[in-house]
Every structure is written in C-alpha cells, then in structure tokens.
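> Based on what follows, work out the 3D shape:
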Amino acid sequence: MSPHPATYPILLNGGPVGTADLAPLAFSGFAHFTAMQVRQRRVKGLDLHLTRLSNASIELFGRAPSDETVMRSLWRAIEDGPPNQSLTVTAFPPEGEFTVGSREVEPGLLVRTGPPSNGPKGPLRLGVVEHERHYPTIKHVGEGAKTYYLRKAVEQGFDDAAFVDRQGRLSEATIWNLAFWDGHAVVWPRAQMLPGTMMRMIQRQLDGLGIAQRHEDVGVADVAGFEGAVVMNSWTPGVAVTAIGPAGIPQAPAFMDLLHAAFEAEPAWGAADARRAVR
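Have a look, this model is predicted:
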C-alpha cells in the first residue's frame, strides 16, 4: 500500500466544497454532466466535452458557462489530483429545481474526480428492454431507469441492458453507445440517443482512417447478421458484446483492434493545448 494514497479533488465553481455547499445537490435531478478519463493530465475529445456542456446548458438553463470558466475548474482539478483519474463536470442551476429562476443565472459547475477506469473487460451479454430516454440527446442526471433496467437485466442472467424504441429499433445501452461490424463497415444504430463523446471521437477518427461507416435501423432480429458488436463510453472505445437478448454475436478481434486504433489516433489535450484553443 502506498504511504501517500492519491487525493482526488472535488471543486464547486472552481473552489473547495463544503458540506453546506453539497446539501442542495443531494436532491438535484435537473442537471447535466460530461464524464472523461484523464491520463498523464491530458484529455481526449476535450472540444466535444466543452460543446456538450455548452449546448446542454443552453437547452436546459437558457445560458451556459464560458469555455474559459469550465477550463479553469477542469484544469485546477486535473493539476491538483494525480495524473490519471476519472473526472466528471456537472452543470446545475444554483436556484434549484421546480423554479423558473434557473433560466436567469449562470449554471454552477461541480467537478468530481476519482480513480481512473478502463471499464469492464467483457465480453458482455445485454438484455433487451423497451425504453426511450427523456431528452435523449442530453447527458442529464435524471436517469434512475438506467440503474433499474441494469439490475433487472442482471437478475435475468445478463450483464447489462440495451434499449429498443417503440419502433423496435435498438438505440443504446444503459450507459453505453452501441456499434456493430458487418465485416466491411461500422454500423451505428439509427434512433434517438445520446451521441457519446467516445462515439464521436471514434467516428471522426474512422473517417480519417478511411473506414466506411453508416447509420441504419437495427432491430434485435438483425443482430445475428453482424460479425461483431461492442459498447463504448468514456471509459473505453470498445467492450465486446456477444449477445443482445436471444441473439448471439461472434467476437470480432479485428473490429476491436480497429476501434482501439481509432481511439489511439485521437489527440490528447494538455493544459497548454486547451488554453490555446479557448483564446
């Protein structure tokens, strides 16, 4: 055991957090966030995280903190903590819930850090449930159904759950985006979903690598026709999926290698890069 265990900072609006500051957040379902992995004090897809925070804040609160404000809190946490960590930035209305006043003030920012994660090794088997997220394009905190359906899937012998919409189309999994491989191209489900930052990083790097991609309707009955499937989120560019409901899917090592190569091609932003980007 290390004689000096790592300390992972928590900041509120760029400063230290007291117990009284956290009390209003104990009941806060009207908020949104972005999650990232920090490695050697660098972050991949930082531009996507900033855009997500800005767009979601404008949609929910009517105004957004500036990129400079976000960056100050973000990089203070990164520099005050260990070089490798998980980091979450949550935007919330200081006026609290159930009030229209939240559209008249700048959102507060809570930055939470913790130990780094690479996600599960897999492969995973996903149960299927009909579920459509409220405000599907926003990564908001009012997501109790995700945990509920995860637990139900595990009770049924699966590892996690995938969602289908009212049209029978697969959209996403509980905290994951889905991707499929037909042997030549990456296939993304066409449905209402959260466009994950990892998903968007992979998409732009696959374009750069000249790999074909397409979006199409994918039902559970279509799954067995693919040569591979994965889930991805801020932890990892790919965890193999070997079943979605009753449909089995072969593992595709070449597909996994491709996704990880795309992730490695994505540049990582350090503090100096970020400061230049927001000038």
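> can we go C-alpha only for contacts and neighbour counts from here?
Fine.
> For the stretch 1-150 of the chain, which segments count as strands?
According to DSSP state E, counting those that start in this stretch, the stretch 1-150 of the chain carries its strands in the segments 10-12, 15-16, 32-39, 42-44, 85-92, 108-114, 124-130.
> Could I get these in a markdown table, plus columns for mean pLDDT, distance to residue 56 and mean neighbour count?
Converted to a markdown table, the strands of the stretch 1-150 of the chain look like this (pLDDT from 0 to 100; distance: least, C-alpha to C-alpha, whole Å; neighbours: other C-alpha atoms under 10 Å):
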| stretch | mean pLDDT | distance to residue 56 | mean neighbour count |
| --- | --- | --- | --- |
| strand 10-12 | 80 | 19 | 20 |
| strand 15-16 | 76 | 23 | 12 |
| strand 32-39 | 97 | 7 | 21 |
| strand 42-44 | 97 | 20 | 21 |
| strand 85-92 | 95 | 9 | 23 |
| strand 108-114 | 92 | 13 | 22 |
| strand 124-130 | 98 | 25 | 21 |
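> Specify the stretch among those that is closest to residue 170.
Minimum separation from residue 170 across the strands of the stretch 1-150 of the chain (C-alpha to C-alpha) falls at strand 124-130, 8.8 Å.
> hang on, the earlier thing: who wins for proximity to residue 161 among the strands of the stretch 1-150 of the chain?
Nearest to residue 161, of all the strands of the stretch 1-150 of the chain, is strand 124-130, at 4.6 Å by C-alpha to C-alpha.
> For that closest one, which strands pair with it and how are they oriented?
strand 160-164 (parallel), strand 236-244 (parallel) (DSSP bridges).
> residue contacts, residue 209?
Going by C-alpha atoms under 8 Å, 6 or more residues apart in numbering, residue 209 touches residue 262.
> got it, and the one 4 residues further on?
When contacts are counted by C-alpha under 8 Å, 6+ apart, residue 213 is found next to 185, 186, 187, 188, 203, 206.
> Using neighbour counts, trim those residues to the buried set.
186, 187, 188, 203, 206 (16 or more other C-alpha atoms under 10 Å).
> Tell me which helix or strand the third one sits in.
With elements taken from DSSP states H and E, the one containing residue 188 is strand 185-189.
> Partner strands of that strand, with direction?
Strand pairing for strand 185-189, using DSSP bridges, gives strand 177-181 (antiparallel), strand 212-216 (parallel).
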